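**Q** only the shape, not the letters, is given here:
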DNA sequence: GCTGTTTACGAAAACGGTTTCGTGTTAATA
DNA sequence: TATTAACACGAAACCGTTTTCGTAAACAGC
């Protein structure tokens, strides 16, 4: 077992001082060429690599960023994460992930663990419980310590920091407008039970589009399902009883499920009934027919979040002048597929 | 902005030495009760937390583990990751993730970055390119440095280390046997083009089950698709021309796609044709009919991998006696759903 | 009053680097 | 020849902890 070699080893072996070795490996002008050659050759031979931890301690920079998300087995979050990871890696950063499991306590504990020197900044989406409790002291503490923070998707106005979100309301509005334009009249909305921030926004867009088209909003056309629904009777009743020719769902699981139910009742998609879902994931692409859905550009979102964070980290050398925070809005786009297109 | 407070600050403020502060906060017997009280009160007041980096440097233990996987937007890998993260957190470890994107070079670079002190051990699944090149020097280097390594799912015999895999061959064998038992005779196999390790194992199980039942293996019933296939003509031709009453697919995407195609040709699932997929993910649960599939127990796999790794890390204090490595095999189980059950 | 023990704390080394400053040697200049 | 600048390197501080060891002061025992 070859143990890692350190500056001290090299110095002792070559009978020079540690500082000389350090400088030689940085090709400093201070050191004579022969000495540099000798040291560099030796270092290469023994595959010397500086110890990251020691450097972190010295520089007070870890080159790590902390990502805290509610769930990892979740298409949208992993997509964002991929964007973060790619961008961060490009700039020489590693990513430490913690999963809050939608729990406030876990979110707090994870952040505290990481905030004690392990990372240079945070990127996070709030857990459901945190949004419910509306308690953001852990975020405040972190920012007060001068640790940069970027929130994405699940954000809050209570905290002053950089944010990246999508235009949920508008995306929803546009989707419904498109349905109306293609002649649909009885448009249903399938949303979550406990109005999450994003679901609420999407409902607003739905309402606005209908109103603008002069279609009265019919509450009986709005179905609220539990987040993790097992039982399909609610949805079945909903679709059995009602005359519906289009459906907007706030996520793709609901959309695919509802589409299946409608088909079971003999409706043809998209001829009799059209479907649009949010979150363009694997389900949308592989359902029959493929689902028209709102692409939230998760990867781009992750890249932007990472960029904002790292820029802030690296500009942070002086006391930050006047604090200046941005909220970037990403335009979601509708990807049209078989569940709305009637042409082949 | 309240900066982080250190032992030195406390010491200066209370006019004692740094060592006294350190000991007092650990409630050492060496320190007088009044001094301890004073110091602890002060520390609590200013919310003192020891700096992780300094501790890491001192202990040569980071309490971080590195996870390197080929892809993160991938149901199976995220499931495993969740298992790793949960277990690691329970034992006080954080997780640094790097994504190799199926690229050999990225895998190497990522591991080198992390191996220089950032982590105490690795958990990884090999990238496709690495398996193709059959070059494992980066893994060898890491293990030779005494860094514990656990491979999961995509493993290799070339490296001596702990491993966690599922019984692919047997799972496949059992699945096909079940199809045969339910009266299916013309059983197709849909697999990947460039035989990955796991695909090969699954094909073996398929062959064995057929042979054992006295059914000759018909090469024309085996379809090899590119990993990321766009074009469906290959699959369409396959299903159009052949008399097939059951299909085993090496992943759920293939299964759902093929099921859709068969349905398009007027076949009823499962009456006319049954489907079984590997990887029990979101697609299986939400397809119509829901797909019978092989659950690889990713979360359990992650937990076991993390446990093996951390146990090794924490037993590693002395020079490890004689090296002893294990390969744990997890039994995949078949989850039966509508794509094979003919009963309601 | 002298020795021997506690008690309660501080000095210093160590982890592995970076960096500032000082200094001995040589070469250039007056 | 004396002065000085350039060169090449080492000593030491520092980042924030932990931990070993040394030692003053107080106290006990004789």
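**A** Alright, I've got the coordinates. All figures in this text were calculated on a predicted structure; none of them were measured in a lab.

**Q** all helices of the stretch 101-250 of chain A, in order?
**A** Using DSSP state H, counting those that start in this stretch, the helices of the stretch 101-250 of chain A run over residues A:104-115, A:128-133, A:137-144, A:168-181, A:197-212, A:233-241.

**Q** may I see the buried residues of the shortest one?
**A** Judged by neighbour count using 16 or more other C-beta atoms under 10 Å in any protein chain shown, the buried positions of helix A:128-133 are A:128-131. In short, each C-beta sits where N, CA and C put it, glycine included.

**Q** mind checking how far that helix is from the chain centre?
**A** 17 Å (C-alpha atoms, centre = their mean, to the nearest Å).

**Q** verify the stated contact: residue A:48 with residue A:25.
**A** Yes: using C-beta atoms under 8 Å, residue A:48 is in contact with residue A:25, at 7.4 Å.

**Q** does the lengthiest helix in chain A reach chain B?
**A** For chain A, the helix that runs over the most residues, judged by DSSP state H, is helix A:298-315. No: judged by C-beta under 8 Å from any C-beta of the partner chain, helix A:298-315 stays clear of chain B, getting no closer than 8.5 Å.

**Q** pLDDT of that helix, averaged?
**A** When pLDDT is averaged along helix A:298-315, the result is 97.

**Q** for the stretch 101-250 of chain A, what lies in contact range of chain B?
**A** A:110, A:112-118, A:144-146.

**Q** which among these end up buried?
**A** Among these, those classed as buried by neighbour count (16+ other C-beta under 10 Å) are A:110, A:113-118.

**Q** now those as a markdown table including pLDDT and distance to residue A:243?
**A** Formatted as a markdown table, those follow (pLDDT from 0 to 100; distance: C-beta to C-beta, whole Å):
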| residue | pLDDT | distance to residue A:243 |
| --- | --- | --- |
| A:110 | 97 | 48 |
| A:113 | 96 | 54 |
| A:114 | 97 | 53 |
| A:115 | 97 | 55 |
| A:116 | 96 | 59 |
| A:117 | 96 | 61 |
| A:118 | 97 | 57 |
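
**Q** could I get those as a markdown table with distance to DNA strand D?
**A** A markdown table is the format used below for these (distance: C-beta to the nearest atom of the strand, whole Å):
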| residue | distance to DNA strand D |
| --- | --- |
| A:110 | 20 |
| A:113 | 14 |
| A:114 | 15 |
| A:115 | 12 |
| A:116 | 8 |
| A:117 | 7 |
| A:118 | 13 |
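
**Q** which one of those residues is nearest DNA strand C?
**A** Here the nearest of those to DNA strand C, counting by C-beta to the nearest atom of the strand, is residue A:117; it sits at 13.0 Å.

**Q** I figured that closest one hits residue A:61, correct?
**A** No: counting by C-beta under 8 Å, residue A:117 sits too far from residue A:61 to count as a contact (10.3 Å).

**Q** where in chain A is pLDDT low?
**A** In the predicted model of chain A, residues A:194-196, A:228-230, A:316-322, A:342-344 satisfy pLDDT under 70.

**Q** could you redo the helices of the stretch 101-250 of chain A as CSV and give each row distance to residue A:98?
**A** Output for the helices of the stretch 101-250 of chain A, formatted as CSV (distance: least, C-beta to C-beta, whole Å):
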stretch, distance to residue A:98
helix A:104-115, 4
helix A:128-133, 13
helix A:137-144, 12
helix A:168-181, 25
helix A:197-212, 21
helix A:233-241, 34
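
**Q** do you know which of these lies nearest residue B:72?
**A** Comparison of these against residue B:72 by C-beta to C-beta identifies helix A:104-115 as nearest, at 18.5 Å.

**Q** any residues touching that closest one, and which ones?
**A** Contact with helix A:104-115 is made by A:66, A:68, A:96, A:98-100, A:122, A:124, A:126-127, A:129-130, A:133, A:135, A:138-139, A:141-142, A:145, A:147, B:49, B:52, B:89, B:94, as judged by C-beta atoms under 8 Å, 6 or more residues apart in numbering or on different chains.

**Q** tilt between it and helix A:137-144?
**A** 20 degrees (axes from the mean of the first three to the mean of the last three C-alpha atoms, to 10 degrees).

**Q** centre of the chain to helix A:104-115, how far?
**A** So, by C-alpha atoms, centre = their mean, the centroid of helix A:104-115 is 18 Å from its chain's centroid.

**Q** check stretch A:140-160 too.
**A** Taking C-alpha atoms, centre = their mean, the mean C-alpha location of stretch A:140-160 is offset from the chain mean by 15 Å.

**Q** what about that stretch, start to end distance?
**A** End-to-end span of stretch A:140-160 (C-alpha to C-alpha, to the nearest Å): 9 Å.

**Q** ok, and the closest non-adjacent residue to the residue in the stretch 151-300 of chain A positioned nearest to DNA strand D?
**A** Residue nearest to DNA strand D within the stretch 151-300 of chain A (C-beta to the nearest atom of the strand): residue A:161, separated by 23.7 Å. In space, and not counting its chain neighbours, residue A:161 is closest to residue A:149: 4.5 Å by C-beta to C-beta, 6 or more residues apart in numbering or on different chains.

**Q** for that neighbour, list each beta-bridge partner.
**A** Counting by DSSP bridges, residue A:149 forms beta bridges with residue A:122.

**Q** now do the contacts for it.
**A** A:121-124, A:139, A:142-143, A:159, A:161-162, A:309.

**Q** run the last query once more with 6 Å
**A** Neighbouring residues of residue A:149 by C-beta atoms under 6 Å, 6 or more residues apart in numbering or on different chains: A:122, A:143, A:161.

**Q** so does stretch A:46-54 get close to chain B?
**A** Yes: using C-beta under 6 Å from any C-beta of the partner chain, stretch A:46-54 reaches chain B at A:49, A:51-54.

**Q** ok so, going back, quick one: which of the contacts of residue A:149 is most hemmed in?
**A** Counting neighbours by other C-beta atoms under 10 Å in any protein chain shown, residue A:122 comes out on top of the contacts of residue A:149 with 25 neighbours.

**Q** tell me how far that residue lies from residue A:152.
**A** For residue A:122, the distance to residue A:152 equals 11 Å [C-beta to C-beta, to the nearest Å].

**Q** go on, residue A:22?
**A** Going from residue A:22 to residue A:152 by C-beta to C-beta gives 40 Å.

**Q** before we move on, what about residue A:280?
**A** 17 Å.
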